[in-house]
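Q: Fold the following and give me the result.
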Amino acid sequence: MIYLQLFLGFLKVGLFSFGGAYSAIPLIRDIVQEYGWLSDEMLTHMIAISESTPGPIMINLATYVGASQAGILGAALATVTVALPAFLVILLVVTLLKNALENKYVQAVLKGLVPCVIGIILATGAYMTFQSCVPMAGDLAVDVSAVIIVAALTAAMIGCKAWRKKKLSPIMLIVLSALLGLFVY
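A: Numbering: from 1, shown residues only. Okay, here's the model as predicted:
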């Protein structure tokens, strides 16, 4: 039964994830909570690990969730299933619809999806930041250490942009957040 749940859950994620992995996180969160596979805290940890390890975050997250629920076979099934729709769509586009991206209607649809994807990513970031800083929603106890880390990372990003006129690389953000985690916790 778990294999069927993994297949259907991650097929839904693969079919309805537009705009990349970050926009898929809310859908993955819904699927994981719907099936009761992981707590919200464990999922947040898996998202952080998925972001920190090489490879696409959505694939990594599917692999971790599948492995946690059904071992190696579950990991393989979730990974293949989440990638299957994108693979089939790309295969279809390459073979049948080579000129589709030049079509004005397809362009209009893609341009219409951009604000939606940006909103989903922004909402996910805000939700995860809030969950990290205020872990017990009912208690409203603030995790001061998490707030310090978020503030330091935000200051580093803004400061780097202001002084160096360049964005802080994601690799440096990951290293900085790891060092801050070691120092603060």
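Q: What's the first helix or strand after the helix ranked longest in the chain?
A: Criterion DSSP state H: the longest helix present in the chain is helix 57-95. Of the helices and strands lying after helix 57-95 in sequence (DSSP states H and E), the nearest is helix 104-133.
Q: list the helices and strands that next one packs on?
A: Under the contact criterion of 3 or more C-beta pairs under 8 Å, 6 or more residues apart in numbering; DSSP states H and E, helix 104-133 touches helix 21-35, helix 40-52, helix 144-164. Using the backbone N, CA and C atoms, a C-beta is placed for each residue, glycine as well.
Q: I figured residue 147 hits residue 133, correct?
A: Yes. Shown here, residue 147 and residue 133 form a contact pair, counting by C-beta atoms under 8 Å, at 5.0 Å.
Q: one step back: buried ones in the longest helix of the chain?
A: By neighbour count on 16 or more other C-beta atoms under 10 Å, the buried set for helix 57-95 is 57-70, 74-75, 77-83, 85.
Q: Any idea how far it is from the middle of the chain?
A: Offset of helix 57-95 from its chain centre (C-alpha atoms, centre = their mean, to the nearest Å): 14 Å.
Q: Domains in the protein, by residue range?
A: 2-139, 143-185 (automatic domain parsing).
Q: right, so those: which one is the most enclosed?
A: Mean neighbour count (mean count of other C-beta atoms under 10 Å) peaks for domain 2-139 among these, with a mean of 16.
Q: quick one: that domain to chain centroid distance?
A: Mean-position distance between domain 2-139 and its chain equals 6 Å (C-alpha atoms, centre = their mean).
Q: mean confidence score for it?
A: Averaged across domain 2-139, the pLDDT comes to 87.
Q: Kindly report the same for stretch 174-185.
A: 88.
Q: Restricting to C-alpha, output it in CSV.
A: Extracted C-alpha coordinates of stretch 174-185, given in CSV (Å, rounded to 0.1, in the frame of the first residue of the first chain):
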residue,chain,number,x,y,z
ILE,A,174,24.8,27.5,2.9
VAL,A,175,28.3,27.7,4.4
LEU,A,176,27.4,30.8,6.4
SER,A,177,24.2,29.3,7.7
ALA,A,178,26.0,26.1,8.7
LEU,A,179,28.6,28.1,10.6
LEU,A,180,25.9,30.2,12.3
GLY,A,181,24.1,27.0,13.2
LEU,A,182,27.2,25.7,14.9
PHE,A,183,27.8,28.9,16.7
VAL,A,184,24.3,29.7,17.8
TYR,A,185,23.1,26.2,18.6
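Q: okay, the helices and strands packed on helix 104-133 in CSV with distance to residue 122 next?
A: Shown next, in CSV, are the helices and strands packed on helix 104-133 (distance: least, C-beta to C-beta, whole Å):
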stretch, distance to residue 122
helix 21-35, 10
helix 40-52, 16
helix 144-164, 14
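Q: do you know which of those helices lies nearest residue 118?
A: helix 21-35 (8.8 Å; C-beta to C-beta).
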